[in-house]
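> Got a predicted structure here, sequence first:
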Amino acid sequence: MTITRLDRETLTRTEKAELPQVTLRSTIAGLIIGSVVLISNFQFGMQTGWVSMMSLPSALLGFAVFKSLQSKLSYKFTDVENVYVQSVAVATGTGPLAYGFVGILPALEKFMTTEESGILGGLDMSQFWKLIVWGLGLAFFGVYFAIPLRKQVIVKEKLPFPSGSATATLISVFHNTDLFEDAEEVVLAEEDPNRTLGSSGSNTDSTETPDDVTVVESQTLCDIDRHEHYRSNMKNLLTAFSISSTYTVFVYFIPALRMLPVFGSYLSKNYLWDFQPSPAYIGQGMIMGIYTTSYMLFGAVLGWGILSPAVKYLGWAPGSTDDWKTGSQGWILWISLAVMISDSIISFLVVTTRSIISLVKRNDEELKPEQEFRHEQTLLVPDQQNSSDEEPANATFHGELGAGSVTKKPSKVQFGDLDPRHLVSNNSAILGMIGSSVLCVVAMKMVFGAILPVYAIFSAIILALFFSILGVRALGETDLNPVSGIGKLSQLLFAVIIPRDHPGSVLINLVAGGIAEAGAQQAGDLMQDLKTGHLLGASPKAQFVAQMVGTTYSVVLSAVMYRVYNSLYEIPGKVFRVPTAVIWIDCARLVTGKGLPPHALQFAVFFGVVFAIISLLKNLVPDTNKYHRYLKFLPSGVAVGIGIYNTPSFTLARFIGGFVSYFWEKRSGGSHSAKVQMIIFSSGLVLGEGLFSVLNMLFTSLGVPHL
């Protein structure tokens, strides 16, 4: 049999996938790093609803841990083991949002009334076991949903998954290894024998072999470059971490520095216009960029600078501004909700339609050369037309035709992948889907009892499966997983499925939305990690183990953190407003026909229509249109909505961060390495404040006095 470049690539992938990955040391490191990310995400999720995967800093911290222990390691820490560490960390760190601990649970426990729950005496979530069971019910089906999608979206379609690709690039730089080429690109490389094949630092395919001195010099330069990248990124991370952690401890002792009334005491007291000089929120703004933060600032001005004073003056919201029920904060929240729902659903529908069209076209393109190949074979060898080797289901169909073959299948239908023993089988995925779905049903019934019908839970799981597919494709193409829109769309659908007069309609609506969002987010997070692993040659089975380990641990730690926050802080309160929870409960009330504040419906419809039109324009006007470049000046509905429902103090800090990122990128000329450095620096700002919030919790529990 002739061994082609594609075969050598596949063999190299297989050999790399066999390297040690699921190890005790990497599991412990991943869980520790993931714990830091989870604690940070809890802090900011409770304050503003913002949660991040932190893939890049997790990969960097994983490398830093083992580099510092290099002399004591019994075997080398490889790039694929680094992928495993990062995968465990991400699975752990995203738990607060995936399992609803910063959104759905506070909505159920803090904002839902006894009447809305439909449960005699109200819903009781005070028992710790209920938090664990709730989390376990949501934790696994999204992971199993993602497994069958990998072959299609990563191996066949090669969707970019920008964040996953960026993480793979960073890891490859640290370990001085090359990224693997996708199969189609490798086939094309056969035409150019001088092209270097992506492998573990191997360069054996070159037609010219340089002398030993050149090889040594080249390797030395590579090592120096790698060391400089690592040293620069670690310096950025540690500097930012130090600044942010120092600020966090400092403001505990001097709380007045947390909120600065830069616009005067009147606006601060009556309309909540303050500035929070938080390095973490500045870092978040740097990650978001200048356009997103500008849209958020527009939302803050619209909501808190125009609508809030107006409705208070007109008597439509007579209560205190920060009162969710009777104050202007509660009134403008409905505008925020309308804007975000209209934008999310329009964007989601456009992306879904494009993905379906793209998938159909791609399948047609793959089918044509396949049919042409079969026809050609039939003409050449008529007596083989009924051979089992020509059946796609036969394992030998995609194999080599033999050394003497005069034909070759078109490159577009060749897909390089790992040996099946490194993949999670479809049978395992199906059994896992069934098992995790049953677990979800049992868990929800244990927590909520008879008020939650089984058919509603199964319907939510089926919706979650459908939304996971669409969410993964959207994430792969745009780097945005529309989980917010998915959650709201599922709430709208369940308003149709569950009768409005059902005593637990609001509770069921919230739980159904949580199930759909959890499935879509987990599938998307795992697919980003699988893209990272695919480019580096990591074992998908090892990454699946990483996801399961991190997920299980995250459920427990998230439940612990939720209980700690509830015992130490007033929730909702001035520091932790849990705005995401308010969005969830108000959306449930809206779609189930509950009352709105005076005149809120008319304004919500108006702004919803306006931002639906804007969303259509931003999504449908092609790049080739001469007016496309002006679309960036039209605000994004989701960003505007966030600017409305968050108090101005957070938005102002994020806008400063967006401004910093703009000049950072402009000064660097938009280089990729500068972008990575900026993300690492901003992540350090976020992690520093998030981690040292634990120290502030300790001070609070011990009653350490403020100055």
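Cool, the structure landed.
> name the element residue 427 belongs to?
helix 426-448 (DSSP states H and E).
> do the same with residue 543
helix 540-568.
> do residue 699 as well
Per DSSP H and E: helix 672-702 holds residue 699.
> for residue 464, same thing?
According to DSSP H and E, residue 464 maps onto helix 454-478.
> Show me what counts as buried in the helix or strand following that helix.
Sequence order places helix 483-497 as the next helix or strand after helix 454-478, per DSSP H and E. Using 16 or more other Cβ atoms under 10 Å as the test for burial, helix 483-497 gives 483-491, 493-495, 497. Bear in mind the C-beta positions are built from the backbone N, C-alpha and C, glycine included.
> ditto for stretch 586-595
In stretch 586-595, counting by 16+ other Cβ under 10 Å, buried: 586-592.
> so what's residue 138 closest to, chain neighbours aside?
residue 518 (4.1 Å; Cβ to Cβ, 6 or more residues apart in numbering).
> what residues are up against that neighbour?
Shown in contact with residue 518 (Cβ atoms under 8 Å, 6 or more residues apart in numbering): 98-100, 138-139, 141-142, 464.
> Keep only those of these that are in helices.
The helices, defined by DSSP state H, take in 98, 138-139, 141-142, 464 from those.
> Of those, which is the nearest to residue 707?
Nearest to residue 707 among those: residue 98, at 38.4 Å, using Cβ to Cβ.
> can you pull out the helices in the stretch 501-650 of the chain?
All helices of the stretch 501-650 of the chain, identified by DSSP state H, counting those that start in this stretch, fall at 505-536, 540-568, 579-591, 600-620, 637-645, 648-668.
> for the third one, packing partners?
Meaning helix 579-591. Applying 3 or more Cβ pairs under 8 Å, 6 or more residues apart in numbering; DSSP states H and E, one finds that helix 579-591 contacts helix 104-106, helix 328-380, helix 483-497, helix 505-536, helix 637-645.
> Distance to residue 654 added to those, as JSON lines?
Formatted as JSON lines, the helices and strands packed on helix 579-591 follow (distance: least, Cβ to Cβ, whole Å):
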{"stretch": "helix 104-106", "distance to residue 654": "22"}
{"stretch": "helix 328-380", "distance to residue 654": "16"}
{"stretch": "helix 483-497", "distance to residue 654": "17"}
{"stretch": "helix 505-536", "distance to residue 654": "22"}
{"stretch": "helix 637-645", "distance to residue 654": "9"}
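> between the contacts of residue 518, which is closest to residue 321?
residue 100 (27.9 Å).
> List the residues that contact the closest one.
134, 138, 514, 517-518.
> okay, now the closest residue to residue 63 other than its chain neighbours: neighbour count?
In space, and not counting its chain neighbours, residue 63 is closest to residue 174: 4.8 Å by Cβ to Cβ, 6+ apart. Here the number of neighbours of residue 174 (other Cβ atoms under 10 Å) works out to 22.
> any idea how far residue 174 lies from residue 106?
In this structure, residue 174 and residue 106 are 39 Å apart, going by Cβ to Cβ, to the nearest Å.
> Could you do residue 452 as well?
According to Cβ to Cβ, residue 452 stands 19 Å off from residue 106.
> Neighbour count: those two, which is higher?
Set side by side, residue 452 and residue 106 show more neighbours around residue 106, with 28 against 20, by other Cβ under 10 Å.
> Isn't residue 289 up against residue 663?
No. Assessed by Cβ atoms under 8 Å, residue 289 is found out of contact with residue 663, at 12.0 Å.
> higher neighbour count, these two?
Taking neighbours as other Cβ under 10 Å, residue 289 and residue 663 compare with residue 289 leading, 14 against 10.
> quick one, what contacts that one?
Residue 289 is in contact with 658, 661-662, counting by Cβ under 8 Å, 6+ apart.
> Could you name the helices and strands sitting against the helix or strand that contains residue 26?
Using DSSP H and E, residue 26 sits in helix 24-48. Applying 3+ Cβ pairs under 8 Å, 6+ apart, one finds that helix 24-48 contacts helix 55-68, helix 79-93, helix 95-98, helix 279-288, helix 540-568, helix 672-702.
> What are the neighbouring residues in contact with the spatially closest residue to residue 694 that is not a sequence neighbour?
Nearest residue to residue 694, sequence neighbours excluded (Cβ to Cβ, 6+ apart): residue 39, at 5.9 Å. With contacts defined as Cβ under 8 Å, 6+ apart, the neighbours of residue 39 are 561, 690-691, 693-694.
> Among those, which one sits closest to residue 581?
Closest approach to residue 581 among the contacts of residue 39 (Cβ to Cβ): residue 561, at 15.4 Å.
> and residue 651, how many neighbours?
Neighbour count of residue 651, defined by other Cβ under 10 Å: 28.
> show me what contacts it?
Residue 651 touches 293, 296-297, 299-300, 642-643, counting by Cβ under 8 Å, 6+ apart.
> Adding distance to residue 524, secondary structure and neighbour count, write those residues out as CSV.
Shown next, in CSV, are these (distance: Cβ to Cβ, whole Å; DSSP: H, G, I helix; E, B strand; the rest coil; neighbours: other Cβ atoms under 10 Å):
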residue, distance to residue 524, secondary structure, neighbour count
293, 23, helix, 29
296, 23, helix, 29
297, 28, helix, 22
299, 25, helix, 29
300, 28, helix, 25
642, 19, helix, 30
643, 24, helix, 30
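> Among those, which one lies nearest to residue 347?
Closest to residue 347 out of the contacts of residue 651 is residue 642 (14.6 Å), distances taken as Cβ to Cβ.
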